[in-house]
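[1] here you go, sequence then predicted model.
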Protein chains: 4
Amino acid sequence: MTVRFGLLGAGRIGKVHAKAVSGDANAKLVAVADAFPQPAEAIASAYGCEVRTIEAIEAAKDIDAVVICTPTDTHADLIERFARAGKAIFCEKPIDLDVARVKACIKVVEDTGAKLMVGFNRRFDPHFMAVRKVIDDGKIGDVEMVTITSRDPGAPPVDYIKRSGGIFRDMTIHDFDMARFLLGEEPVSVLATAAVLVDKAIGEAGDYDSVSVILQTASGKQAVISNSRRATYGYDQRIEVHGAKGMAAAENQRPVSIEVANGDGYTRPPLHDFFMTRYTEAYANEIAAFIAAIEKGSKISPSGADGLAALALADAAVQSVKEGKRIKVG
Amino acid sequence: MTVRFGLLGAGRIGKVHAKAVSGDANAKLVAVADAFPQPAEAIASAYGCEVRTIEAIEAAKDIDAVVICTPTDTHADLIERFARAGKAIFCEKPIDLDVARVKACIKVVEDTGAKLMVGFNRRFDPHFMAVRKVIDDGKIGDVEMVTITSRDPGAPPVDYIKRSGGIFRDMTIHDFDMARFLLGEEPVSVLATAAVLVDKAIGEAGDYDSVSVILQTASGKQAVISNSRRATYGYDQRIEVHGAKGMAAAENQRPVSIEVANGDGYTRPPLHDFFMTRYTEAYANEIAAFIAAIEKGSKISPSGADGLAALALADAAVQSVKEGKRIKVG
Amino acid sequence: MTVRFGLLGAGRIGKVHAKAVSGDANAKLVAVADAFPQPAEAIASAYGCEVRTIEAIEAAKDIDAVVICTPTDTHADLIERFARAGKAIFCEKPIDLDVARVKACIKVVEDTGAKLMVGFNRRFDPHFMAVRKVIDDGKIGDVEMVTITSRDPGAPPVDYIKRSGGIFRDMTIHDFDMARFLLGEEPVSVLATAAVLVDKAIGEAGDYDSVSVILQTASGKQAVISNSRRATYGYDQRIEVHGAKGMAAAENQRPVSIEVANGDGYTRPPLHDFFMTRYTEAYANEIAAFIAAIEKGSKISPSGADGLAALALADAAVQSVKEGKRIKVG
Amino acid sequence: MTVRFGLLGAGRIGKVHAKAVSGDANAKLVAVADAFPQPAEAIASAYGCEVRTIEAIEAAKDIDAVVICTPTDTHADLIERFARAGKAIFCEKPIDLDVARVKACIKVVEDTGAKLMVGFNRRFDPHFMAVRKVIDDGKIGDVEMVTITSRDPGAPPVDYIKRSGGIFRDMTIHDFDMARFLLGEEPVSVLATAAVLVDKAIGEAGDYDSVSVILQTASGKQAVISNSRRATYGYDQRIEVHGAKGMAAAENQRPVSIEVANGDGYTRPPLHDFFMTRYTEAYANEIAAFIAAIEKGSKISPSGADGLAALALADAAVQSVKEGKRIKVG
């Protein structure tokens, strides 16, 4: 079976998914839609697919699944439309920045029996997957403590910040999902601290750029998350899981792994400077997993519920910073 | 000038300091006192010094300085006695487990003009010192976030746990001091989480074995501390400092740095399994710094005030766990 | 301009190049030829090209360039035919196992003015390229000594060994090319040692499985090469270049870069176990370089002369082992 | 039993051994002799021993063993004198630069039944010892190939070079010993290349500064040695042993193991810049092994025969460079 795709949104991340779908032997990119003709045509030309309207894709008989890469504020509506149209749906995170809206959307997905996968791409990074496999194989025993480091090479434009829902919902949300992925038990409380250390304009926009979070589960397992919008040495993405029998860690990835030594010491080049090159394999793997789940009719993960859970943790972190208290979740 | 020493307490850590003092060209170990004759005589024989009573050392004309390695509950009293006796004092941490008692003790030190150094040995680890020097040299810009990982190879006996003041005052206190050492600005708030994941007996003794802490300074700088009483792979001691211009980190230390590769992968031996072998150089360096400060009449650091500040952070952490709130300090 | 390709040989390496050509925006795979219909059809179907005979590709107006992936003993003949047919030629190494035959073939290439690139893919590995760039940028000063480690995960079948020309012409030849690439000066002498340590059957086939080589240039620069047909931990491929001002090294590549620690130590997974996964990027980069050179009409490297030079070093190594002497080359 | 020592030679390396002997609980430094009074008195004062003449030490009843740290050209004579005087002898390498003289000296040692240990300190480096233990434990199977990298931070003065016997007898000799230590089988042939790349004055003094050597044993095991008198990044000392089942390697040692990251990448400080700080533990361990062998009456290793074997390899390397041939040894 070949899964036939429509792509909604031909921007930066749309291109990534267009390439992943086109390169997958079990999928075919049939059509692309975008509010602007040029990017849609560029993808159509590069991958030999048609440009269609969203309405046409919704009504199409020759399309089984859609990939939603449009702006965040359209996600929930589109998910609902395509759920009702009977298409399988891959949606970039987040479903929405508002928990109530997300819940309503998930209700529609459930009622229609639609398949929905939310784009927490990091679960599909081969290195993070390998850490998870070490846990699943029992090699480090029961998980006790998780440390997640996530630092961006630089802050996005303040305009983006304003629409982003804030650092916890935009950036830390990946780490909340990763913590859930690794802890193997739901967090029940959130403690968070936040500050503006990188760029005052971010503070003026009502957001933070440097945050620390502690999650705790019912049995006492803990996850610590460190985030910053600044890392001069590249895109810093590390996880470390401590269990009763040992530790598993995923190191940073480098585009070039050489070392140059001289009187100043031994120097290795910086890390990847962009999330798309850092997570190239993860993006391809997540689409492959989506396609495989459709083909096999198997359970889709991460699901809408995963998207909701991560957002709830983000909301709790915002509240914890404001109130200076441990916030219960779940 | 040769600084002439009396050693109070001939136990495990007393032996370490006896060796450090004896090996220092600018110091001489004159006498040792202990409640039990055997260990004192062993040190006297090994390093060619006399066994004396504490009273005799207090009154001695041929002793300039003392190293206090007796049980914790005697520290404050001994500091006060030797401050009044005009000796320079090196005291193992903590001064006392009670903030009020520490304050009273420091008052005596100040009133007598005595020199007091508190044994936060990690400040003298060559790797941690090098990280601090990188900061001081401006190489990573203003410090923004600090991550401290500190995991013991195994839990101490529950009897020790009961007398220890709890994990925050016994173990995390080193990390509180390290955070202050690295942040360059006083923490003003503490958020902490704690659980019993390693050994139920620790919980039954009223303590925790797995804790996570976030400290924040007035300007928003953050330090995150992860502690566990369990690390199967050895004594895990790492620091990582993120600044506006870059990052500096001290890696774990290994007694043997080889690598063996086969079909299972590449394996390096475990870390040190004991704090004394891990911090051998730090113990020697701190005594050397104490001796140098006496000789030069320079300021002594870490001081009694440093001991007090770390204890106050520990107390705040205990309170934060209990109340689920951010606790203000300082 | 789009460079239109014919692929000769649809085996393992043919598939790799078919994918690289098809994935390149400036190239188009037009036809594939193979002695067997099935593999050719598989490639035709996967990449939307035609199956043709070699003769048809030779005569085709719609083909600008060929990629030769047929068995080694056909390489020289095919290069000559396609040089005369006016096609640009990419040929897998080696041109031939016999120096005289290679020289005759290169003569035809020169006489016809054909473009010929020889498939020393490792020059296009991003990590090795980065080392070369460090040299070119003057960061380590004049090159003095090079160390090349190249160990295969396991020996090929003895049948292959028999046809291979021997370890120096089959395996070390890559390292001879790499040494030339890095030394920046032609080797003038070869010293070599060889033994059978891995598999007696290799010795019975008249070959070796474990060899060490020293190359030296006129000015005294040295390259040391270590080769083995056995490496339980994966495909070991390292280079190290020492210059007057410093050192540059390329580390081994791992498919998964995690680390698991427990009481036995810290373990990282094995290296790649196959040259095709290890050099995935190198294969894509070399075809891209070939296409770019055709488009821009720029000089092609590595050339037929590079293939000849590496083969001459291999022949000298064979002779050095036999005669126990330094063999002059060049 | 306490082994009572006389130290012959109070120079740089004499001081190292004085400290090692004094710090060993089973040994006592009784006397020191030197051609110059000042350095002898400095050691006598620092470690509380007497200054005596060599004759007095030779005749002394209160001395069991000597450590010979005098200039190389006195070693063989002193070994013979102290062998006849019934003292156990630790002698810095080499016994002599002339094979015939070494053989004659060893004859005296054998005839007198004296105990002689030759100072190949690297065998006692904890990291190299650990590699050897991995081999002995069978973890990497039969040894097949060894790679030894040894690069000095800088060349010694030309005056030293002239007296040194040349790079193979002065510097590579350590690597010849290490190769024998690791191969577990005697080399039977030597291939060597040498050049002057670092300093013309070294060439004018008749020596080389950059050499490569291949040793081979009867069964075909190979050891490759790379030496240079230049390494801007510190004292480069690595070994790598490949066996039928795997690989064991000892990494370089750093005085400070931190890492600093910024836009230029990740930088670790240089290696040790001096052999004495690099091999501090090795020097202490070798003296401890010597003392232990005396106490237990056990076999001493490395012996005079080890010193002779390494020198014979050095001579063969010199000859191989001159004649361009494989030189047989043993």
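    Looks like it arrived, so ask away. Numbers count the residues shown, from 1 in each chain, chains lettered A, B, ... in the order given.

[2] so what does the helix or strand where A:Ala292 lies touch, helix or strand wise?
    In this assignment (DSSP states H and E), A:Ala292 forms part of helix A:280-296. Applying 3 or more Cβ pairs under 8 Å, 6 or more residues apart in numbering or on different chains; DSSP states H and E, one finds that helix A:280-296 makes contact with strand A:3-8, helix A:12-22, strand A:65-68, strand A:88-92, strand A:116-119, helix A:126-136. C-beta: built from backbone N, CA, C; applies to glycine.

[3] other SSEs contacting the fifth one?
    Going back to what we said before, that points to strand A:116-119. Under the contact criterion of 3+ Cβ pairs under 8 Å, 6+ apart, strand A:116-119 touches strand A:88-92, helix A:280-296, helix A:304-323.

[4] next: the last one.
    Counting contacts by 3+ Cβ pairs under 8 Å, 6+ apart, helix A:126-136 packs against helix A:172-183, strand A:236-243, strand A:247-250, helix A:280-296, strand C:258-262.

[5] output those in JSON lines; the columns should cover mean pLDDT, distance to A:Ser189 and mean neighbour count.
    Listed next are the helices and strands packed on helix A:126-136 as JSON lines, based on pLDDT from 0 to 100; distance: least, Cβ to Cβ, whole Å; neighbours: other Cβ atoms under 10 Å in any protein chain shown:
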{"stretch": "helix A:172-183", "mean pLDDT": "98", "distance to A:Ser189": "12", "mean neighbour count": "24"}
{"stretch": "strand A:236-243", "mean pLDDT": "98", "distance to A:Ser189": "19", "mean neighbour count": "24"}
{"stretch": "strand A:247-250", "mean pLDDT": "98", "distance to A:Ser189": "24", "mean neighbour count": "24"}
{"stretch": "helix A:280-296", "mean pLDDT": "95", "distance to A:Ser189": "29", "mean neighbour count": "19"}
{"stretch": "strand C:258-262", "mean pLDDT": "98", "distance to A:Ser189": "28", "mean neighbour count": "23"}
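
[6] export these to CSV and tack on distance to B:Ser210?
    Output for the helices and strands packed on helix A:126-136, formatted as CSV (distance: least, Cβ to Cβ, whole Å):
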stretch, distance to B:Ser210
helix A:172-183, 13
strand A:236-243, 9
strand A:247-250, 13
helix A:280-296, 30
strand C:258-262, 17
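
[7] among these, which comes closest to B:Asp77?
    strand A:236-243 (39.5 Å; Cβ to Cβ).

[8] and chain D, is that closest one touching that?
    No. Applying Cβ under 8 Å from any Cβ of the partner chain, one finds strand A:236-243 separated from chain D by no less than 8.6 Å.

[9] run through who's touching that strand.
    By Cβ atoms under 8 Å, 6 or more residues apart in numbering or on different chains, the list of residues contacting strand A:236-243 from outside reads A:122, A:128, A:131, A:134-135, A:140-151, A:178, A:182, A:247-253, A:271, A:278, B:151, B:228, B:231, B:247.

[10] what angle do that strand and strand D:258-262 make?
    Counting by axes from the mean of the first three to the mean of the last three Cα atoms, to 10 degrees, strand A:236-243 lies at 140 degrees to strand D:258-262.

[11] partner strands of strand A:236-243, parallel or antiparallel?
    Here strand A:236-243 is paired, per DSSP bridges, with strand A:143-151 (antiparallel), strand A:247-250 (antiparallel).

[12] what's the nearest residue to A:Pro39 if we skip its chain neighbours?
    Among residues not flanking A:Pro39 along the chain, A:Ala10 sits closest, at 3.8 Å (Cβ to Cβ, 6 or more residues apart in numbering or on different chains).

[13] checking the one you found next. Helix, strand or coil?
    coil (DSSP: H, G, I helix; E, B strand; the rest coil).

[14] measure it to A:Asp73 for me?
    Going from A:Ala10 to A:Asp73 by Cβ to Cβ, to the nearest Å gives 17 Å.

[15] the two: who's more crowded?
    A:Ala10 (26 against 12; other Cβ atoms under 10 Å in any protein chain shown).

[16] look up how far A:Met276 lies from that one.
    15 Å.

[17] would you mark the buried spots in stretch A:191-204?
    Along stretch A:191-204, these residues count as buried under the neighbour rule (16 or more other Cβ atoms under 10 Å in any protein chain shown): A:191-199, A:202.

[18] returning to what we had before: quick check on the contacts of strand A:236-243: which are buried?
    Counted by 16+ other Cβ under 10 Å, those give A:122, A:128, A:131, A:134-135, A:140, A:143-151, A:178, A:182, A:247-250, A:252-253, A:271, A:278, B:151, B:228, B:231, B:247 as buried.

[19] hmm, A:Gly23 is touching A:Glu281, no?
    No. Using Cβ atoms under 8 Å, A:Gly23 is not in contact with A:Glu281, being 12.0 Å away.

[20] in contact with the residue in the stretch 1-150 of chain A positioned nearest to chain B, which residues?
    Per Cβ to the nearest Cβ, A:Glu144 is where the stretch 1-150 of chain A lies closest to chain B, at 4.6 Å. When contacts are counted by Cβ under 8 Å, 6+ apart, A:Glu144 touches A:221-222, A:242-244, B:197-198, B:210, B:228, B:230.

[21] next, find the distance separating the nearest residue to it once chain neighbours are set aside from B:Gly154.
    Nearest residue to A:Glu144, sequence neighbours excluded (Cβ to Cβ, 6+ apart): B:Leu197, at 4.6 Å. B:Leu197 sits 14 Å away from B:Gly154, going by Cβ to Cβ.

[22] and the residue of the stretch 51-200 of chain A nearest chain D?
    Counting by Cβ to the nearest Cβ, the stretch 51-200 of chain A gets nearest to chain D through A:Pro153 (9.5 Å).

[23] let's see the pLDDT reported for that residue.
    According to the prediction, A:Pro153 has pLDDT 96.

[24] just the element for it, please.
    Applying DSSP H and E, one finds A:Pro153 in no helix or strand.

[25] residues near it, how many?
    Neighbour tally, A:Pro153, other Cβ under 10 Å: 20.

[26] give the contact list for it.
    A:230-232, A:234-235, A:273-274.

[27] quick one: contacts for the closest residue to chain B within the stretch 51-200 of chain A?
    Nearest residue of the stretch 51-200 of chain A to chain B (Cβ to the nearest Cβ) works out as A:Ala195 at 2.7 Å. The contact partners of A:Ala195, taken as Cβ under 8 Å, 6+ apart, are A:208-211, B:216, B:219-222.

[28] got the angle between the helix or strand hosting A:Gln38 and strand A:3-8?
    Using DSSP H and E, the element containing A:Gln38 is helix A:37-47. Going by the same axes, to 10 degrees, helix A:37-47 is angled at 160 degrees with respect to strand A:3-8.

[29] what helices or strands is helix A:37-47 leaning on?
    helix A:12-22, strand A:27-33, strand A:50-51.

[30] mind giving me a markdown table with those and columns for distance to chain D?
    Formatted as a markdown table, the helices and strands packed on helix A:37-47 follow (distance: least, Cβ to the nearest Cβ, whole Å):
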| stretch | distance to chain D |
| --- | --- |
| helix A:12-22 | 24 |
| strand A:27-33 | 37 |
| strand A:50-51 | 41 |
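
[31] nearest to chain C, out of the ones you listed?
    Taking the helices and strands packed on helix A:37-47 one by one with Cβ to the nearest Cβ, helix A:12-22 is closest: 9.8 Å.

[32] just the pLDDT for the residue of chain A most remote from its centre.
    Computed with Cα atoms, centre = their mean, the residue of chain A farthest from its C-alpha average is A:Gly263, at 41.8 Å. You'll see A:Gly263 listed with a pLDDT of 97.

[33] so the nearest residue to it once chain neighbours are set aside: helix, strand or coil?
    Leaving aside its sequence neighbours, A:Gly263 sits nearest to D:Thr232 (Cβ to Cβ, 6+ apart; 4.8 Å). State at D:Thr232, reduced to three classes by three-state DSSP: coil.

[34] D:Thr232 reaches A:Asn262, doesn't it?
    Yes. Shown here, D:Thr232 and A:Asn262 form a contact pair, counting by Cβ under 8 Å, at 4.9 Å.
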